[in-house]
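J.: From the sequence below, what's the structure:
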Amino acid sequence: MKNTSFQSITGFVFLLFLAFIFGCKKDDDPAPQTQPDPSSGDTQILTQTRTPGFLNNLNNWQDYYINAYPGALASDVAEDDDKFAYSYKLNSGNWYASLSLQGFGFTIPDTATIRKITLKIRRFKEGEATIGDYFLTLMQRYNCDLGVCRYGVEWTDLDSYSGKTYPDTETEYVFSQSGSGDDGGYNHDQQYKWTPAVVNHTFFGVRIDVAPVLGQGEVTVFYELVELTVEYEVS
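T.: Below you'll find the model as predicted:
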């Protein structure tokens, strides 16, 4: 009887020991990891910032009426470095000046959705006369005879905004518009939608035409930096 009891107790203890060992092993096993679903399509918001490759010289100036910035280069507006693109002297009798900045070299993916385009410029004027914008706008191309040209939101002589009249000291201004809207054009009543194909094209860019000079004397327009940033969404 004593031997049987001892064997029973020994067997029971052995079973408890095995249960303890396997219980600890189970607790030590790592929890199963949930793998991200590659088809979930997480959205990313990205940006590209560029400066122009052409200043009033794309297509050898064939699309333009007159170049009021004869000595200016695109590299003059690529950085805030005290190098300037500037017009010749303007006055009330000779005031026309159109600035065309193109070839920004964007590489927005074809499947992206454009959310916002932001223009940053640094500019000023020298001279006694007063000068400001007739319009400041993005464009699909310069020459309107060849198709859609000025496009998206415009800032014009009919509007009130900071920097409309050029300051006497260098000042930075920022102009932003959505990737699509119904407030485009000179009168803010046109629908528009920016696409990667348009923004990536060499003809895409910025156009700024001055309004007639006011007052006596001459005035020269200076630009130090022109920079575009495109914000876009990819899935």
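J.: Can you tell me how far residue 175 is from residue 92?
T.: Residue 175 is 27 Å from residue 92, where distance means CB to CB, to the nearest Å. For every residue, glycine as well, the C-beta is placed using N, CA and C.
J.: which of those two has more neighbours?
T.: residue 175 (19 against 14; other CB atoms under 10 Å).
J.: The chain: strands as residue ranges?
T.: Ranges of strands within the chain are 44-50, 54-55, 85-86, 98-102, 113-127, 133-139, 150-156, 171-178, 180-184, 190-193, 205-210, 219-234, based on DSSP state E.
J.: between the first one and strand 113-127, how many degrees?
T.: So the one you mean is strand 44-50. 30 degrees (axes from the mean of the first three to the mean of the last three CA atoms, to 10 degrees).
J.: buried stuff in strand 44-50?
T.: Using 16 or more other CB atoms under 10 Å as the test for burial, strand 44-50 gives 48, 50.
J.: low pLDDT regions in the chain?
T.: 1-41, 60-65 (pLDDT under 70).
J.: Would you check that residue 77 makes contact with residue 56?
T.: No - contact between residue 77 and residue 56 fails when scored by CB atoms under 8 Å: they sit 11.2 Å apart.
J.: more crowded one of these two?
T.: Remark: of residue 77 and residue 56, residue 77 carries more neighbours, 27 against 23, as counted by other CB under 10 Å.
J.: which residues sit in contact with the more buried one?
T.: 51, 52, 55, 85, 101, 223, 224, 225, 226 (CB atoms under 8 Å, 6 or more residues apart in numbering).
J.: So which of these wins on neighbours?
T.: Result: residue 101 is most packed of the contacts of residue 77 (other CB under 10 Å), 29 neighbours.
J.: Distance check, that one against residue 130.
T.: 24 Å.
J.: Also residue 208?
T.: In terms of CB to CB, residue 208 sits 16 Å off from residue 130.
J.: More neighbours: which of these two?
T.: Neighbour count, other CB under 10 Å: between residue 208 and residue 130, residue 208 has more, with 21 against 15.
J.: Looks like residue 107 contacts residue 48 (just checking).
T.: Yes - the criterion here is CB under 8 Å, and residue 107 meets it with residue 48 at 7.0 Å.
J.: Could you save the contacts of residue 77 as TSV and add columns showing distance to residue 155?
T.: Putting those into TSV (distance: CB to CB, whole Å) gives the following:
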residue	distance to residue 155
51	20
52	18
55	20
85	19
101	15
223	15
224	19
225	18
226	14
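J.: Among these, which one lies nearest to residue 186?
T.: residue 101 (19.3 Å; CB to CB).
J.: For the closest one, which non-adjacent residue is closest in space?
T.: What sits nearest to residue 101 in space, not counting adjacent residues and going by CB to CB, 6 or more residues apart in numbering, is residue 52, at 3.9 Å.
J.: Likewise for residue 71?
T.: Closest to residue 71 by CB to CB, 6+ apart is residue 86, at 7.7 Å.
J.: what sits against that neighbour?
T.: Contacts of residue 86 (CB under 8 Å, 6+ apart): 69, 71, 72, 220, 221, 222, 223.
J.: what about burial for those residues, which qualify?
T.: Counted by 16+ other CB under 10 Å, the contacts of residue 86 give 69, 72, 220, 221, 222, 223 as buried.
J.: now, among those residues, which is nearest to residue 119?
T.: Distances from residue 119 to the buried ones among the contacts of residue 86, taken by CB to CB, are shortest for residue 223, at 11.9 Å.
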